[in-house]
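*Asks:* what's the 3D shape of this:
(one chain, ligands or ions: 2)
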Amino acid sequence: MEDCLFCKIIKGEIPSNKVYEDEEILAFNDINPAAPIHILVIPKKHIASLADMKKDDEIIVGKIYGVINKIAKEQGFKENGYRVIVNCGKDAGQEVMHLHFHLLAGEKFGDKIV
Ligand code: AMP
Ligand code: ZN
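*Replies:* Ligands and ions are numbered 1, 2, ... in the order given. Next up is the predicted model:
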């Protein structure tokens, strides 16, 4: 998608602080962190939102959760815990229309909804 911000990050046209990358998945630090650790994990395939997932996309979503656990282990917050959020559509406040998983860690969230 030519005008998609995250597709531009994937292509390297917009810089990002990469945390993880493989053939199908990219993870990078959120530019406006809502927690001490705030990483966005995205499929390299352009999927606009969770609601736009096709049946085959279930495989990549499963892999994304695997990458999230790998990052949690590598960055040392697996024990303390972490929160994963996906905003889908306007009522959820999704701003970037490229499926992304917010990975938040580094503090106790309690009832706070990010
Ligand atoms: P959402 O509201 O769920 O669509 O989340 C979009 C997220 O993308 C927000 O947390 C933004 O801070 C983040 N964001 C926007 N532009 C960039 C960028 N260039 N690099 C990293 N994160 C970004
Ligand atoms: Zn995109």
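
*Asks:* How about the residues of the chain by ligand 2?
*Replies:* 1, 4, 6-7, 46, 98 (C-beta under 5 Å from the ion). (C-beta placed from N, C-alpha, C; glycine too.)

*Asks:* please redo it, this time with the cut-off set to 8 Å
*Replies:* Selection of the chain residues close to ligand 2 by C-beta under 8 Å from the ion yields 1, 4-7, 10, 46-48, 97-98.

*Asks:* Redo those as a markdown table? Include neighbour count.
*Replies:* Below are the residues of the chain next to ligand 2 laid out as a markdown table (neighbours: other C-beta atoms under 10 Å):
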| residue | neighbour count |
| --- | --- |
| 1 | 13 |
| 4 | 15 |
| 5 | 14 |
| 6 | 22 |
| 7 | 17 |
| 10 | 22 |
| 46 | 16 |
| 47 | 19 |
| 48 | 16 |
| 97 | 17 |
| 98 | 23 |
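
*Asks:* Just the ones of those residues in helices?
*Replies:* 5-7, 10 (DSSP state H).

*Asks:* closest to residue 106 among those residues?
*Replies:* Among those, residue 6 lies closest to residue 106 (C-beta to C-beta), at 22.9 Å.
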